[in-house]
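Novice: mind folding the following:
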Amino acid sequence: MRKRLLTFTLTVLIISAILPSIHGQENRPEIYITPAPSKNFPLKVYIYPRAYDLDSGAEFTCPHQEELVAMFYDALRSFRKAVLRFVDEHPKYSKLLEISFVNVSRPEDADITYRVIRYDGPYIAYTDFTGAWTPYRSEIYVTCDRIVGKGSEGWAKGVIFHELGHALGLGHAKQEKTENGEPEIMHHIPADISYDVYPSTLFLAALHELYFQHKFKEVYEVYTLPKDLEYKMVVPYDVELQQLGEEYQKLKEENEKLWRYLRNASDVIDYLDDENHRLRSENEDLRMMNEALKSQLADLFGRFMVANMTIQHLQAENERLKANLTWCLQTGLELGEKCNQTIRDLVEKYNDLNANYSLCREYLNKYYGEAQWFKMWTLIITATAITGLIAYYLYVTRRLLSEE
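Specialist: Next up is the predicted model:
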């Protein structure tokens with residue numbers, strides 16, 4: 001039992017000691033490496049003077065030939081400058097200074113060739129590099145019409161530098177950016193980047209490994225950046241000095257602007273003081289106007305209350321008048337009904353009188369002499385009756401109006 005417990009304890013201790021180192025290695029930047037095209041320095045470089053159409057097999061004139069060649073030479077110079085700074089900061093990698101380049105006049109004598117091409121393939125640039133046990137020539141191909149003017153200048157230079165890294169024996173890095181957030185030149189460079197991209201410490205340390213220390217067991221192997229190296233982009237001293245000079249010039253211009261602002265500060269302060277006095281005076285005037293407006297508001301409020309009471313009185317009076325009007329309408333309707341009834345009575349009496357009159361005419365025809373006399377009296381009675389009825393109607397109407 002004790003032996004088992006001791007064995008288990010030792011196993012746990014060993015695993016605990018191994019895991020942190022493994023975890024640390026997994027988190028460190030990595031890049032693929034392959035055997036170099038040659039370890040005889042300087043490396044021989046040949047640049048084809050004319051562009052080549054891979055599909056037709058014929059040379060052609062590329063309008064961007066000179067610009068693309070100039071970018072390649074710039075990449076070679078920038079590589080040497082980056083190596084100088086890297087070795088200056090990390091002397092143990094000083095053997096990198098042995099890597100240099102020289103032009104040769106024939107492609108078969110070169111370790112690295114550079115050619116502008118045109119073809120129907122998908123890549124904007126590619127490199128046929130070592131990838132075998134026996135070193136052979138690395139061939140860089142860049143397309144004539146897919147680099148210049150298709151992105152920023154920093155991106156175009158970065159593409160050429162990326163292919164130079166392949167030609168020297170580097171594969172792609174596994175991470176896209178350095179610890180400072182700068183693009184890894186052996187991974188991916190944004191097409192709209194606003195500055196030039198240079199090799200990283202991973203790029204240069206991996207070259208040191210594959211040229212001066214590493215013994216390859218496979219065609220492609222993985223190199224991990226040592227823990228004592230910060231993962232960052234190695235900017236050449238002259239480029240950094242130029243950047244610092246540009247920043248200094250910007251700071252100088254901003255400083256001059258600040259001095260101009262300071263020289264005008266006194267005038268600004270005087271102006272602000274005058275403005276302050278003016279605003280104070282306006283504030284006092286506004287305060288007095290505010291008091292007057294308060295008084296006017298109180299007077300208007302009193303008038304409003306009076307007007308409100310008047311409106312309430314008029315509303316009550318309006319209700320009373322509505323009630324009177326309603327009564328008058330009802331009374332008028334009743335009087336109209338009574339008048340209609342009186343007229344109907346008079347019509348009936350008239351009809352009766354008319355009947356009597358017809359009877360009288362018969363008697364008159366029968367008794368003419370008496371009829372004349374009776375006619376006279378009938379007319380008199382009729383007139384008297386009508387007069388009485390009219391007098392009675394007027395009497396009733398006047399009485400009704402007097403009762404109202």
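Novice: burial of the closest residue in space to Leu168 that isn't next to it in sequence, as a residue count?
Specialist: In space, Leu168 comes closest to Leu207 once its chain neighbours are excluded; the distance is 6.0 Å by CB to CB, 6 or more residues apart in numbering. For the C-beta atoms, the positions are set from N, CA and C on the backbone; glycine is no exception. The local packing of Leu207 (other CB atoms under 10 Å) involves 26 other residues.
Novice: residue contacts, Leu207?
Specialist: Leu96, Ile99, Leu168, Gly169, Leu170 (CB atoms under 8 Å, 6 or more residues apart in numbering).
Novice: columns secondary structure on top of the residues you listed, output as TSV?
Specialist: TSV is the format used below for the contacts of Leu207 (DSSP: H, G, I helix; E, B strand; the rest coil):
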residue	secondary structure
Leu96	helix
Ile99	coil
Leu168	helix
Gly169	coil
Leu170	strand
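Novice: if we can go back for a sec, just the element for the residue nearest to Leu168, please.
Specialist: Assigned by DSSP states H and E, Leu207 belongs to helix 201-212.
Novice: same question for that helix, mean pLDDT?
Specialist: Average pLDDT, helix 201-212: 97.
Novice: stretch 298-311 too?
Specialist: Mean per-residue pLDDT for stretch 298-311: 88.
Novice: before we move on, what about stretch 52-62?
Specialist: Mean pLDDT, computed over stretch 52-62, is 96.
Novice: tell me which residues in it are buried?
Specialist: Using 16 or more other CB atoms under 10 Å as the test for burial, stretch 52-62 gives Tyr52, Cys62.
Novice: need the distance between the two termini of it.
Specialist: Start to finish, the residues bounding stretch 52-62 are 9 Å apart (CA to CA, to the nearest Å).
Novice: outside of it itself, list whatever touches it.
Specialist: With CB under 8 Å, 6+ apart as the test, stretch 52-62 has contacts from Arg50, Ala51, Leu68, Arg115, Val116, Ile117, Arg118, Tyr119, Asp120, Gly121, Cys144, Asp145.
Novice: would you turn the contacts of Leu207 into CSV with pLDDT?
Specialist: Compiled in CSV, the contacts of Leu207 are given as follows (pLDDT from 0 to 100):
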residue, pLDDT
Leu96, 97
Ile99, 97
Leu168, 96
Gly169, 93
Leu170, 95
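Novice: now, which of those sits nearest Pro29?
Specialist: Of all the contacts of Leu207, Leu170 has the smallest distance to Pro29: 12.7 Å, by CB to CB.
Novice: just checking, next helix/strand downstream of the helix or strand containing Ser358?
Specialist: Taking DSSP H and E as the criterion, the element that holds Ser358 is helix 265-366. Using DSSP H and E, the helix or strand that follows helix 265-366 towards the C-terminus is helix 368-403.
Novice: show me what that next one is packed against.
Specialist: Judged by 3 or more CB pairs under 8 Å, 6 or more residues apart in numbering; DSSP states H and E, helix 368-403 is in contact with helix 265-366.
Novice: tilt between the helix it packs on and helix 368-403?
Specialist: With axes from the mean of the first three to the mean of the last three CA atoms, to 10 degrees applied, the angle from helix 265-366 to helix 368-403 works out at 160 degrees.
Novice: the closest residue to Asn103 other than its chain neighbours: how many residues sit nearby?
Specialist: Residue nearest to Asn103 in three dimensions, not counting chain neighbours: Val45, with 5.7 Å by CB to CB, 6+ apart. By other CB under 10 Å, 21 other residues sit near Val45.
Novice: Val45 touches Ile99, doesn't it?
Specialist: No. Between Val45 and Ile99 there is no contact under CB atoms under 8 Å: 12.0 Å.
Novice: quick one: contacts for Ala125?
Specialist: By CB under 8 Å, 6+ apart, Ala125 lies in contact with Ile140, Tyr141, Val142, Thr143, Arg146, Ile147, Val159, Ile160, His162, Glu163.
Novice: report the buried members of those residues.
Specialist: Buried members of those, scored by 16+ other CB under 10 Å, are Ile140, Tyr141, Val142, Thr143, Ile147, Val159, Ile160, His162, Glu163.
Novice: so for this protein, the centremost residue is which one?
Specialist: Nearest residue to the geometric centre of the chain (CA atoms, centre = their mean): Asp192, 20.9 Å.
Novice: that one belongs to a helix, doesn't it?
Specialist: No. Looking at Asp192 with three-state DSSP, it is coil, so not inside a helix.
Novice: re the thing from before, ok, of the contacts of stretch 52-62, which one's closest to His214?
Specialist: Using CB to CB, those come closest to His214 at Arg115, 28.8 Å.
Novice: nice, that's everything, thank you.
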